[in-house]
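Undergrad: Structure of the sequence below:
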Amino acid sequence: MKKSFIVITIIMIIAVLGIIVFQDSSEAQRPDRGNRQRRNFPGGFVRQNPLESSWAYVSFDLKISDDALLKARKVYQEAWIDQAKATKKMQESDGDMTAMQNLRSEMDRIEKVLAEKLSDILTPEQMQKLNKWKEENQEQQQQMRRPPSPPGM
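TA: Okay, the predicted model is just below:
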C-alpha cells in the first residue's frame, strides 16, 4: 500500500512537471508574444522609441527634483499622446510615402516642442546633459543602422 502510494505520487509529480515544461515551451512559440510596437533588428537588437528612452534618462539618470519630475511627466505625456496620434494617422495611410514624410516632420515638431517645454522645467546644466545624451544616443542609432564593413577592411 505504501509502495503504491509512493509510485502514484512520483507519477503525479512527473506528470505535473511535464505539463509545466510543455506549457512553457509552447508559450515561447506563440506568434503574438512580445511587444509589436518595437522594431527588431538583426542580431537581437531592439530599437526603443526615442521618447521612451528620453523619459527614462530624465527620470532615472538626470537626478531632477520630484517637483520637476512631475512637471516633466506631464510634458512627456503630452508628447506621447501627440506621437500616438501621428503614428496612427500614418498607419491608416497604408504606407503612403507622403504620410511617412509627414510623420517624420510631425515627430520633429513634437521633439522640438518637448525640448522647449523641458527647458522651462530643467536647469541649464540638466538641459545640457540631456542634449549631450540625445546626441550620443543618435550616434549609437546611426552606427547600428550602418551595414557592417566586409572583413579585411
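
Undergrad: for this structure, what spans make up the strands?
TA: Applying DSSP state E to the chain gives strands spanning 39-40, 46-47.

Undergrad: so where's this structure shaky on pLDDT?
TA: For the chain, applying pLDDT under 70 flags the ranges 24-48, 145-153.

Undergrad: quick one: stretch 5-14 to chain centroid distance?
TA: Stretch 5-14 has its C-alpha centroid displaced from the chain centroid by 45 Å (Cα atoms, centre = their mean, to the nearest Å).

Undergrad: okay, now S54: neighbour count?
TA: Residues near S54, counting by other Cβ atoms under 10 Å, number 23. For every residue, glycine as well, the C-beta is placed using N, CA and C.

Undergrad: I81 now?
TA: 11.

Undergrad: same thing with W133?
TA: W133, neighbours per other Cβ under 10 Å, totals 16.

Undergrad: OK, contacts around it?
TA: Listed by Cβ atoms under 8 Å, 6 or more residues apart in numbering, the contact partners of W133 are Y57, D61.

Undergrad: how about 10 Å then?
TA: W133 makes contact with S53, S54, Y57, V58, D61, L62 under the criterion Cβ atoms under 10 Å, 6 or more residues apart in numbering.

Undergrad: And for Q138?
TA: Listed by Cβ under 10 Å, 6+ apart, the contact partners of Q138 are P50.

Undergrad: what's the spacing between it and L103?
TA: Distance of Q138 to L103, computed by Cβ to Cβ, to the nearest Å: 18 Å.

Undergrad: picking that back up, will you turn the contacts of W133 into JSON lines that also has distance to Q142?
TA: Converted to JSON lines, the contacts of W133 look like this (distance: Cβ to Cβ, whole Å):
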{"residue": "S53", "distance to Q142": "15"}
{"residue": "S54", "distance to Q142": "17"}
{"residue": "Y57", "distance to Q142": "18"}
{"residue": "V58", "distance to Q142": "22"}
{"residue": "D61", "distance to Q142": "21"}
{"residue": "L62", "distance to Q142": "23"}
